[in-house]
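A.B. asks: The following comprises the amino acid sequence and a computationally predicted model.
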Amino acid sequence: MLITDSFTRISLLGFLAAGLNVLRCNTQEAPPRPQGPPEVAVATMSPEPIELITELPGRVWPYLVAEVRPQVSGIIQKRLFEEGSDVRAGDVLYQIDAAPYEAAYSRAKAALAAAEANLPAVKARVERYKNALAERAVSRQDYDEAVAALEQARATIELRRAEVESARIDLSYTPIKAPISGRIGKSNITVGALVTAHQPTPLATIQQIDPIYVDVTQSTAELLRLKQGMETGRLSKDDENQRRVRLRLEDGTPYPLDGTLQFRDVTVDPSTGSFILRIVFPNPEHLLLPGMFVRALVREGIVQNAILVPQQAVSRDHKGNPVALIVDAEGKVQQKTLAADRAIGNKWLVSSGLEPGDRVIVEGLQKVRPGMPVKTVPFDAGQNDGLAEQGVQSAPSAN
């Protein structure tokens, strides 16, 4: 038994040694494979015209606003509108008790009639005194007093006419009418309440919301940059569409109708360094309501020879400057420092640093360094090129 066990152990040790020798031989027989230049995907830069559009925050404001206030005092007898309805200019909204003003109007007309009835007698007296003065039957003083009485009678008639007109105007103010057409809000007063002329609290507010204003804010730095771009020729105007503005609602959906840029404010807010752009939008369905927050897509101009580089091809150096790796004519990697203007979709608009025809490395950046030879293949951007909203500035400048 001892002899058999020893033989078995010796046999196992022999097999193990033979297996190790075979593994050692196989390892030594596999020579290292020579590695070629790494493969990278490149995008060739080609200039193209592109329209620059800036997305700016804004708020909706009514086109016209009128606060309805009484112009005479009295008791509200009727309310003749439904809250939240559309009214037209001239529609009667409230009725103030008109009885006191009708009485004042009648009294003023009666006073005018009395003054006019006194005028013929005064005129006749002046004519008699005038003839008598020629015959020296009356004194000059009596004649002058008669003439003065005539002038006073005429002035009294004008005064009474003014009082009649004033009373008529006050009476016409007892029906409170809509000053503008639009949508009226809630009533701040009820039937039977006493109102006073020109009171500080409005009875109701009417807002015209078709068309409607959208006020957006733009920084002065952005305005100066645009002017510089126009002066240098980098940007060109599209006069036909320059004033047309699109809109996005709070939930991101596009507003179906285009607006028109009306004016740029001339006053800069010192606390924010921005100014107001006012845009007019048609609002037939009343989709835009005063106070809503929106985002306006304002056209800036057209860059005729724009160079767009995929954002994944741009990185930062140790100083924070945007850089990109390109493949030169010799097939070697070179690094270039860029001046990126803005993000357009998933690409950067490059104002300097790249030339038409440059091959920018988009994929395989981790495998290469400047000076290395590489093998290039075309970059396939696929369907999602990020330019669904062409020209929209969706990120801050990368300068």
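C.D. replies: Now that the structure is in, tell me what you want to look at.

A.B. asks: Is Val214 bridged to anything, and to what?
C.D. replies: Counting by DSSP bridges, Val214 forms beta bridges with Val60, Ile279.

A.B. asks: contacting residues around it?
C.D. replies: Going by Cβ atoms under 8 Å, 6 or more residues apart in numbering, Val214 touches 58-61, 245, 247, 259, 278-281, 288, 294, 296. The C-beta positions use only the backbone N, C-alpha and C, and glycine is treated the same way.

A.B. asks: Quick one: those residues as CSV, columns for distance to Glu222 too.
C.D. replies: Output for those, formatted as CSV (distance: Cβ to Cβ, whole Å):
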residue, distance to Glu222
Gly58, 14
Arg59, 18
Val60, 22
Trp61, 22
Val245, 15
Leu247, 19
Gly259, 19
Arg278, 17
Ile279, 16
Val280, 22
Phe281, 22
Leu288, 25
Val294, 19
Ala296, 13
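
A.B. asks: Show me which of the residues you listed are buried.
C.D. replies: Among the contacts of Val214, those buried by neighbour count (16 or more other Cβ atoms under 10 Å) are 58, 60-61, 245, 247, 259, 278-281, 288, 294, 296.

A.B. asks: I'd like those residues as a markdown table, with distance to Tyr94 and pLDDT appended.
C.D. replies: Below are those laid out as a markdown table (distance: Cβ to Cβ, whole Å; pLDDT from 0 to 100):
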| residue | distance to Tyr94 | pLDDT |
| --- | --- | --- |
| Gly58 | 35 | 93 |
| Val60 | 28 | 96 |
| Trp61 | 26 | 95 |
| Val245 | 39 | 89 |
| Leu247 | 37 | 93 |
| Gly259 | 35 | 91 |
| Arg278 | 33 | 90 |
| Ile279 | 35 | 91 |
| Val280 | 31 | 93 |
| Phe281 | 32 | 95 |
| Leu288 | 29 | 94 |
| Val294 | 35 | 95 |
| Ala296 | 38 | 92 |
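
A.B. asks: would TSV of the residues you listed with distance to Ala149 be doable?
C.D. replies: Putting the buried ones among the contacts of Val214 into TSV (distance: Cβ to Cβ, whole Å) gives the following:
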residue	distance to Ala149
Gly58	70
Val60	66
Trp61	61
Val245	71
Leu247	73
Gly259	68
Arg278	62
Ile279	67
Val280	63
Phe281	67
Leu288	68
Val294	72
Ala296	72
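
A.B. asks: Any buried residues in stretch 266-284, and which?
C.D. replies: Per 16+ other Cβ under 10 Å, stretch 266-284 contains these buried residues: 274-281, 283.

A.B. asks: measure that stretch end to end?
C.D. replies: This stretch, stretch 266-284, spans 30 Å end to end (Cα to Cα, to the nearest Å).

A.B. asks: low-confidence ranges in the stretch 251-399 of the chain?
C.D. replies: 382-399 (pLDDT under 70).

A.B. asks: ditto for the stretch 1-150 of the chain
C.D. replies: 1-35.

A.B. asks: Okay, domains of this structure per the record?
C.D. replies: 44-61+210-393, 70-97+174-201, 99-172 (automatic domain parsing).

A.B. asks: Just send those back as TSV, with distance to Pro38 too.
C.D. replies: What follows is those, written out as TSV (distance: least, Cβ to Cβ, whole Å):
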stretch	distance to Pro38
domain 44-61+210-393	4
domain 70-97+174-201	67
domain 99-172	90
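
A.B. asks: Would you state the helices of the stretch 151-300 of the chain in chain order?
C.D. replies: 220-232 (DSSP state H, counting those that start in this stretch).

A.B. asks: can you give me how far stretch 59-68 is from the chain middle?
C.D. replies: Its chain's C-alpha centre and that of stretch 59-68 lie 15 Å apart, by Cα atoms, centre = their mean, to the nearest Å.

A.B. asks: in that stretch, what's buried?
C.D. replies: 60-63, 66, 68.

A.B. asks: again, but for stretch 100-116
C.D. replies: In stretch 100-116, counting by 16+ other Cβ under 10 Å, buried: 100-101, 104-105, 108-109, 111-112, 115.

A.B. asks: what does stretch 78-87 give?
C.D. replies: Taking 16+ other Cβ under 10 Å as the criterion, stretch 78-87 shows 79, 81, 86-87 as buried.

A.B. asks: I'd like those as a markdown table, with secondary structure and distance to Pro373 appended.
C.D. replies: Listed next are the buried residues of stretch 78-87 as a markdown table, based on DSSP: H, G, I helix; E, B strand; the rest coil; distance: Cβ to Cβ, whole Å:
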| residue | secondary structure | distance to Pro373 |
| --- | --- | --- |
| Arg79 | strand | 87 |
| Phe81 | coil | 82 |
| Asp86 | strand | 74 |
| Val87 | strand | 78 |
